[in-house]
Structure formats: C-alpha cells, structure tokens
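**Student:** need a 3D model of the sequence below.
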Amino acid sequence: MPVEYLNSSLPIRIRHASYMPPVNMPHSHIDHEIYYFHSGKCNFIIGSQFYALEPGDLILMNGLTWHSANINPAYGYERTIVHFNPDYLHSWIPRAFSINILQPFSCIKHYRFSLKGQMREEFEAILQKLERMQHTADPIEKHRFHVSLLDFFLLLYELCDLPDSVSSPVLSTKENNVQQLMAYLDRHYAMDLHLDDLGKHLHLDRHHLSKVFKEVTGMTVFHYLTHLRINHAKVKLSLDPTLTITDVSYQTGFKHHAHFSRVFKQLVGCSPDQFRKSKLSS
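**Tutor:** This is a model prediction of the structure:
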C-alpha cells in the first residue's frame, strides 16, 4: 500500500480502533499526532527510537517524524489516535492564554508517557468525550467540543511540564540491538549498505541480525531502509526546491534515478515530481 501524507479536510480527527494490520508501514504526515495505547502488545517505532508499549502509554509527536506500529495479533489490540492541524487550533485558541499549549508539538521530537491510576482514568474519559462530540452538528455542542479540546491540550501541556513524567524505554537485548541498528541506518542511509557490514557494526551474525530485526519490527532490514530513504526524500523534496530529482535520489542512497522514481511512486502513490508540485502548491 502507498505511504501517503494525510489528506483530509477535517482539521482534527479522533479515531478509536480495536484492530489494525499486524504491521503498520512507516509513514509521516503534516498533521500532529497523539497516540494512546489501551491494550495489546505493540512495538512502536518513531524515527530511530523503539518502544515496547504498555497499556496506558501515551505518545505525542510531530507527524513529520516517520513512525510505525508492529502489533502482535495474538493479543487484543486497542488504541486511540488524534490527528490535528496546528494552524486550525491556533486560529481559535483564546489569545488570553499566557502559554503556548501546543509547545510539545512545535519541534521534530516526541514524548512518551506511562499514565497510571487517576491520571489514566481522567485522560481516557476526555478521549471518549472528544470522540463522541467531534461530529456533532449542534452549535452549542460544537462550542462544548472546543472547550473540551482546550482542557485536553492543557492536560497534555501539564504532562510535558511535570518533572520526571517522560518515560524512558526499558529494552531487552534484542530490542536494544534493533534500536542501535535503526540509529545507525538513520545516520548512514545515503551510503551503500550491506547486511554483512551492518552485522559487523553490531558484532552480530548477519543472519541473526536479520531475524531479530524482522521479529521486533515486522519488517526486513532493507524494507525498513527503503522506507527510511523515501521519507528523507519526501522531506528534501518539500523543503529544498533547488534540488533536482536526480540530486535527491543520490542523496538518499539510490544509485539510479529510474529506480528511485519507481520505488517512490510505489510507496507514496505519485512520482517525486508530482509530490514536489503538490507541496509547493499547498
């Protein structure tokens, strides 16, 4: 399936789901994202960071950071995702506010929290309320929805401002090896990479490394690397109009322009040139 930027006319979307394909392909989007994990077993990847999620885990991210979820289908899976356009919120957030409640989303980084007890109950109650109210046609209910949104984002801002509230992942040896490899790939994606060289870097047998990576992420090493390269290509195409398509292909690790264009269209759903034109005209 193509990996596309979100293209919805809705400025905020709250979606609750109890099923997804076991492997959610790496993707990025212009909208910011709030991901809340209710139950199941899920390995979540953001950039080169790896998280083995636990129920009650909350992730805040700028959607431009590429991310994916690898779900174990043997466990009941449940999550809620909020996608929102920051310009939409800035357009009506009261100017009397002395703080920028969208500050946690203002840079290419992410936060992960583990909600417990009363905080978890309060957060889940607000999520349910927002999901129920988001499609209301009643004018009064729409105002109530905006008031509830303000309360929701104030709660998120407060979480980010609390000392020691951000969780650090505790990884197994396998997960740590995979994260080290993802970090290495993120730094060297433009190079000509081979599995033998990657194994030597981590002091692991290439076959063992390949098996562990697939087990943890749900993707092969080079499937992951291809998505990583294409994501960097999308960023370059969006931000630097002086680069030619050939420049972008070489700078992201593709040896041949034609191969780059073919893979880009397969994963994104349009050619690199069409993608660039859509970004420049938006």
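**Student:** now do the strands in the stretch 51-200 of the chain.
**Tutor:** Here the stretch 51-200 of the chain has its strands, by DSSP state E, counting those that start in this stretch, at 57-61, 67-71, 78-84, 110-114.
**Student:** which residues touch the first one?
**Tutor:** It refers to strand 57-61. 32-37, 44, 46, 51, 67, 104-105, 109-115, 123, 156, 159-160, 167 (C-beta atoms under 8 Å, 6 or more residues apart in numbering). C-beta: built from backbone N, CA, C; applies to glycine.
**Student:** sitting in helices, which of those residues do you find?
**Tutor:** 123, 156, 159, 160 (DSSP state H).
**Student:** isn't the third one right next to residue 113, touching?
**Tutor:** Yes. Contact status for residue 159 versus residue 113: in contact at 5.6 Å, counting by C-beta atoms under 8 Å.
**Student:** the more surrounded of these two?
**Tutor:** When residue 159 and residue 113 are compared for neighbours, residue 113 comes out ahead with 21 against 18, by other C-beta atoms under 10 Å.
**Student:** and that one, what's its pLDDT?
**Tutor:** Confidence at residue 113, expressed as pLDDT, is 92.
**Student:** any idea how far residue 160 is from it?
**Tutor:** Shown here: residue 113 relative to residue 160, a distance of 8 Å by C-beta to C-beta, to the nearest Å.
**Student:** right, and residue 246 touches residue 257 too?
**Tutor:** Yes. Counting by C-beta under 8 Å, residue 246 does reach residue 257; the two are 4.9 Å apart.
**Student:** what's near enough to touch the residue nearest in space to the middle of the chain?
**Tutor:** Residue closest to the average C-alpha location in the chain (C-alpha atoms, centre = their mean): residue 67, at 3.3 Å. Contacts for residue 67 (C-beta under 8 Å, 6+ apart) come out as 26, 27, 28, 33, 44, 45, 46, 47, 61.
**Student:** near the closest residue to residue 109 other than its chain neighbours, how many residues? Count them for me, please.
**Tutor:** Leaving aside its sequence neighbours, residue 109 sits nearest to residue 62 (C-beta to C-beta, 6 or more residues apart in numbering; 7.0 Å). Residue 62 has 20 neighbours, counted by other C-beta under 10 Å.
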